[in-house]
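>>> Sequence and predicted structure below; questions after.
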Amino acid sequence: MDRSILEGDPHSVLEAMAIAAFCIGASKGYIYVRAEYPIAVKRLQIAINQAREYGLLGEHIFDSDFDFDIEIRLGAGAFVCGEETALLESIEGKRGQPRVKPPYPANSGLWGKPTLINNVETYANIAQIILKGSDWYSSIGTENSKGTKVFALGGNVNNIGLVEVPMGTTLREIVYDIGGGIPNGRDFKAAQTGGPSGGCIPKEHLDTPIDYESLKDIGSMMGSGGLIVMDDTKCMVSLAKFYLEFTVSESCGKCTPCRIGTKRMYEILQKLCEGKGTELDIYQLEKLAENIQKSSICGLGQSAPNPVISTLKYFREEFKEHAIDKNCRALECKAMSKITIHEDKCKGCGLCQKSCPVSAIEGEAREKRVINQDKCIKCGTCLTSCPFKAIG
C-alpha cells in the first residue's frame, strides 16, 4: 500500500513531511524505502528533485527562515525494521535491531535527536485534511477510527488488489461486494488481517466492522493493511505454521523469547502437521505464545504469536484433530491426508479424472469415480475441480 503511494503520488508525502517539519522545527527528513521497490525509489527521487527546483525543499522555503530537505534511505527488506527504533538503527547504518524503550524516539531518536516517525499512508492524508478540514475527514469512518484504510486484498477472492474503504466497512462487504466473493463457489473460512503478525477472523465474524477497536476485540489487528481471504480448503494449523515460519526467519535475534521461543513454536506446529503431535503440544504451544507476547522486546516478537493464538481460539478443533485423530480435514497436511470421493455426492461427470495430474482417479464415463490411493499424490487438484463438492 505504501509502495503504491510512493509510486503514484510521492508529492503528497513530501508536502506532509515538510508541514510536519515546520511544526516541530526539524530541518532534515528521511524516507526509508526497501530496495526491492526500485520504481518507488526512482519516482520518489524525481519528486524530491522537482520539489527542490520549485523551492519547496531546501533552504529558505517560500522566502522564509525555514530550511528543510529530504533524503531517501534504502532498506534491505528486513521485516523487523517496521519497528520504529529498528528503523532508526538501520538509517544510522547499524544492524536493524530494536532499542530498549525508554527513551522513546520523540525524546531521543535518530542520532540522539528528537525524532518524529510516521507511516507513508499517514503522511499521504495530511494535505487533504488541511485542504478540506478536519470535519470533512472526521465524517468518514467511525467515532474512534476516522478516515479510510487501504487494504491489499488477496487470497481466495475473485477480485484481488488494493482497495480503499471507509473505516467501519464490514469484512463481508469487502470480501463479497468489493472482492466479488470466493472463487469456484467455495465457502468462506477465515481472513487474515494485519499481515504475518495479524490474526484470523472466522466466518462468524464476517459482519465485524473493520476498524482498530473491533479488530482488537476479536483478536486481530489492522497492522500493515494486508487482508488475505481463505476458503474451506485451507488448513488453519498449516496456516499458523506458514506465518510463524516467516516471523522466525525475520526475527533479529536480539531477545531470547523471540529468537528461541518462536522457533520452538514453529517446531510444535511442524510436528502437528506431520501427524506426530500430541494434545500436550497444543497446551505447550499456547503457553509459549502467551510468554513470548509478554516478554519480547519489540512489536515483532510481541505480535508473532498472534496467528497461532487466534487460530487456536477459533479453530481449536482442527488442532485437536491433528494431535489426536491424526487427521487434516482440509487435506492440506499431506502426511496424514487421504482424499476420497463420496459416492452419494459424485455425479460421474469425470472432471476430477481429467484434472488429475497422475491419473489416480479411475472409473468409466457416467460412472462414479474412485481414487487409487497408491497413485494419489494428494495435490488437491480434484478438490477444486469438482463442482459438486463430492471430494474430501
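Alright, I've got the coordinates.
>>> who's in contact with the nearest residue to Gly75 once chain neighbours are set aside?
Nearest non-adjacent residue to Gly75, counting by Cβ to Cβ, 6 or more residues apart in numbering: Arg34, 4.7 Å away. C-betas here are computed from N, CA, C, even on glycine. Contact analysis of Arg34 by Cβ atoms under 8 Å, 6 or more residues apart in numbering lists 74-77.
>>> List only buried entries from the residues you listed.
Among the contacts of Arg34, those classed as buried by 16 or more other Cβ atoms under 10 Å are Gly75.
>>> Mind pulling up the pLDDT for the residue minimising distance to the centre of the chain?
Nearest to the mean C-alpha position of the chain, by Cα atoms, centre = their mean, lies Gly195 at 1.3 Å. We have a pLDDT of 85 for Gly195.
>>> State the distance from the residue lying closest to Gln302 once chain neighbours are set aside to Ala240.
Closest residue in space to Gln302, ignoring its immediate chain neighbours: Ser296 at 4.8 Å, by Cβ to Cβ, 6+ apart. Ser296 is 18 Å from Ala240, where distance means Cβ to Cβ, to the nearest Å.
>>> could you pull out the strands for the stretch 51-200 of the chain?
Per DSSP state E, counting those that start in this stretch, the stretch 51-200 of the chain carries strands over the ranges 69-75, 148-155, 161-166, 188-193, 199-202.
>>> What of the stretch 201-350 of the chain?
226-231.
>>> dump the residue contacts of the residue nearest to Pro307 when sequence neighbours are not counted.
Counting by Cβ to Cβ, 6+ apart, Pro307 lies nearest to Tyr243, which is 4.2 Å off, once chain neighbours are set aside. If a contact means Cβ under 8 Å, 6+ apart, then Tyr243 has 192, 196, 307 as its contacts.
>>> Let's have the residues you listed in TSV, adding neighbour count and distance to Asn158.
Formatted as TSV, the contacts of Tyr243 follow (neighbours: other Cβ atoms under 10 Å; distance: Cβ to Cβ, whole Å):
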residue	neighbour count	distance to Asn158
Gln192	27	18
Pro196	22	24
Pro307	29	24
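>>> re the thing from before, the residue nearest to Pro307 and Pro114, how far apart?
Taking Cβ to Cβ, one finds Tyr243 at 35 Å from Pro114.
>>> And Ser251, by the same measure?
29 Å.
>>> which of the two has more neighbours?
Neighbour count, other Cβ atoms under 10 Å: between Ser251 and Pro114, Ser251 has more, with 23 against 15.
>>> Quick check: that one touching Ala78?
No. Ser251 is beyond contact range of Ala78, at 10.3 Å (criterion: Cβ atoms under 8 Å).
>>> show me what contacts the nearest residue to Asn158 once chain neighbours are set aside?
The shortest distance from Asn158 to any non-neighbouring residue, by Cβ to Cβ, 6+ apart, is to Gly180 (3.4 Å). Applying Cβ under 8 Å, 6+ apart, we find Gly180 in contact with 157-159.
>>> if you set the cut-off to 10 Å instead, what comes out?
Gly180 sits next to 153, 157-160 when contact means Cβ atoms under 10 Å, 6 or more residues apart in numbering.
>>> For it, grab phi and psi.
phi 80, psi 10 (degrees, to the nearest 10).
>>> is it fair to say Cys376 lies in a helix?
No. Looking at Cys376 with DSSP: H, G, I helix; E, B strand; the rest coil, it is coil, so not inside a helix.
>>> So which bits of stretch 138-148 are buried?
Neighbour-count burial for stretch 138-148, counted by 16+ other Cβ under 10 Å, picks out 141-142, 145-148.
>>> just to revisit the earlier point, so for Ser296 and Ala240, which sits in the more crowded spot?
Neighbour count, other Cβ under 10 Å: between Ser296 and Ala240, Ala240 has more, with 29 against 24.
>>> Quick check, that one in contact with Leu269.
Yes. At 5.8 Å, Ala240 counts as touching Leu269 under the criterion of Cβ atoms under 10 Å.
>>> Quick check: neighbours shared by those two?
Jointly contacting Ala240 and Leu269 under the rule Cβ under 10 Å, 6+ apart are 285, 307-308, 311, 319.
>>> Narrow those to those that are buried.
For those, buried by 16+ other Cβ under 10 Å: 285, 307-308, 311, 319.
>>> ok, which pair from the residues you listed is furthest apart?
Largest separation among those by Cβ to Cβ: Pro307 and Phe319, giving 12.7 Å.
>>> that older thread, and the contacts of Gly180, which is closest to Phe66?
Leu153 (40.5 Å).
>>> Test of understanding: give the bridge partners of that closest one.
As for beta bridges, Leu153 partners with Gly161, Leu227 under DSSP bridges.
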